[in-house]
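**Q** Curious how this folds, go ahead:
(chains A and B)
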Protein chains: 2
Amino acid sequence: MTAPPVLGTLESSLYARDLDAAEAFYAGTLGLGVVMRQPGRHVFFRAGASILLIFNPVATAEGPQPDSRLPVPGHGATGPGHYCFSVAREEMDLWRTHLEAADVAIEADFLWPNGARSIYVRDPAGNSVELAEPALWA
Amino acid sequence: MTAPPVLGTLESSLYARDLDAAEAFYAGTLGLGVVMRQPGRHVFFRAGASILLIFNPVATAEGPQPDSRLPVPGHGATGPGHYCFSVAREEMDLWRTHLEAADVAIEADFLWPNGARSIYVRDPAGNSVELAEPALWA
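**A** Below is the predicted model:
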């Protein structure tokens, strides 16, 4: 049986125990809009048509609580994850300037063999956050 | 300084030590196209305009090797992560039938308060994989 189609990525996840620091980085420094926040458990951000979920793994690992209305399965990873934002080629220089002005260390900034540029930083939890041109995977 | 815009999600990551099992699930069962594969290190899949990266955290945690041409930063998480595919509302029933026919256990299948439906399964590594309507975050 052939699988039905998927449209794309609706949600990606990273984990952080300090959600306030995560929000300061993703909303404050990177300028994303917060779409939902549950103190101590999660904070979610809009990234174009999809959502970047930041969870406190201590709170999400157990899965649905007896008093939960919704049976949302548990999950929760530790150690640095990886996520990449799509950024227009003509905005990459401006992004580097913006990150440096915000005292975010640039861990790497290079061109892939196909010519697409990637910039890598760390979020406060140590996750590897990349900004890259859509042409990387065109 | 206002941050430059992001276009959306270009890459999301999950981790799995058994990449063959991951490929059998994401390509074989879910029908995604493989866009890149490095045995023992990673296998990448296309999901619409973005890419789902599956990494073996044992191989990626160390970061760039001395012989690497590209200084790709290290990362690597352990424990179950979470990722959600965007699936058209009219395909959700067909997805459930397809998953059951492939002997993939349905961990949850419910409607959120806004009426959007989510189906949750596990990949072979234990990651929580969701299929949900775009209306969940509209």
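**Q** contacts, neighbours, all on C-alpha from now
**A** Fine.
**Q** In chain A, where is pLDDT below threshold?
**A** For chain A, the stretches with pLDDT under 70 are A:67.
**Q** where along it do the helices fall?
**A** Secondary structure of chain A (DSSP state H): helices at A:19-23, A:57-60, A:92-101.
**Q** and the angle from the longest strand seen in chain A to strand B:8-15?
**A** For chain A, the strand that runs over the most residues, judged by DSSP state E, is strand A:8-15. Inter-element angle recorded for strand A:8-15 and strand B:8-15: 60 degrees (by axes from the mean of the first three to the mean of the last three Cα atoms, to 10 degrees).
**Q** elements contacting strand A:8-15?
**A** Helices and strands touching strand A:8-15, as assessed by 3 or more Cα pairs under 8 Å, 6 or more residues apart in numbering or on different chains; DSSP states H and E, comprise strand A:50-55, strand A:82-86, strand B:8-15, strand B:50-55, strand B:82-86.
**Q** any chance of the helices of chain A in CSV, with distance to chain B and mean neighbour count too?
**A** Below are those laid out as CSV (distance: least, Cα to the nearest Cα, whole Å; neighbours: other Cα atoms under 10 Å in any protein chain shown):
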stretch, distance to chain B, mean neighbour count
helix A:19-23, 14, 19
helix A:57-60, 9, 18
helix A:92-101, 6, 16
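**Q** returning to what we had before: list the neighbours of the longest strand of chain A that are in contact with it.
**A** A:49-57, A:76-78, A:81-83, A:125, A:127, B:9, B:12-13, B:47-51, B:81-87, B:132, B:134 (Cα atoms under 8 Å, 6 or more residues apart in numbering or on different chains).
**Q** And those, which of them are buried?
**A** Neighbour-count burial (16 or more other Cα atoms under 10 Å in any protein chain shown) applied to the contacts of strand A:8-15 gives A:49-57, A:76-78, A:81-83, A:125, A:127, B:9, B:12-13, B:47, B:49-51, B:81-87, B:132, B:134.
**Q** still on that earlier bit, for the helices of chain A, which one sits closest to B:Asp93?
**A** helix A:57-60 (27.3 Å; Cα to Cα).
**Q** Distance to A:Arg41 for the helices of chain A - can I get that in TSV?
**A** Output for the helices of chain A, formatted as TSV (distance: least, Cα to Cα, whole Å):
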stretch	distance to A:Arg41
helix A:19-23	8
helix A:57-60	5
helix A:92-101	27
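**Q** what's the closest of those to A:His42?
**A** helix A:19-23 (6.8 Å).
**Q** for A:Leu7, what are its contacts?
**A** Residues in contact with A:Leu7 (Cα under 8 Å, 6+ apart) are B:47-48, B:85-88.
**Q** Roughly how far does A:Asn56 sit from B:Asp109?
**A** 23 Å (Cα to Cα, to the nearest Å).
**Q** do A:Val129 as well
**A** 31 Å.
**Q** which one of those two has more residues nearby?
**A** Neighbour totals were compared for A:Val129 and B:Asp109, and A:Val129 leads with 22 against 19 (other Cα atoms under 10 Å in any protein chain shown).
**Q** so the more buried one makes contact with A:Tyr120?
**A** Yes: the criterion here is Cα atoms under 8 Å, and A:Val129 meets it with A:Tyr120 at 5.7 Å.
**Q** Skipping its backbone neighbours, what lies nearest A:Val72 in space?
**A** If the residues on either side of it in the chain are set aside, A:Val72 comes closest to A:Pro64, at 5.6 Å by Cα to Cα, 6 or more residues apart in numbering or on different chains.
**Q** I'd say that neighbour and A:His75 touch.
**A** No: judged on Cα under 8 Å, A:Pro64 makes no contact with A:His75 at a distance of 10.3 Å.
**Q** more crowded one of these two?
**A** More crowded of A:Pro64 and A:His75, by other Cα under 10 Å: A:His75, with 22 against 14.
**Q** wait, what's in contact with the more buried one?
**A** A:57, A:60-63, B:79-82, B:127-128 are the contacts of A:His75 under Cα under 8 Å, 6+ apart.
**Q** measure A:Pro134 to chain B for me?
**A** According to Cα to the nearest Cα, to the nearest Å, A:Pro134 and chain B sit 7 Å apart.
**Q** I am finished for the moment; much appreciated.
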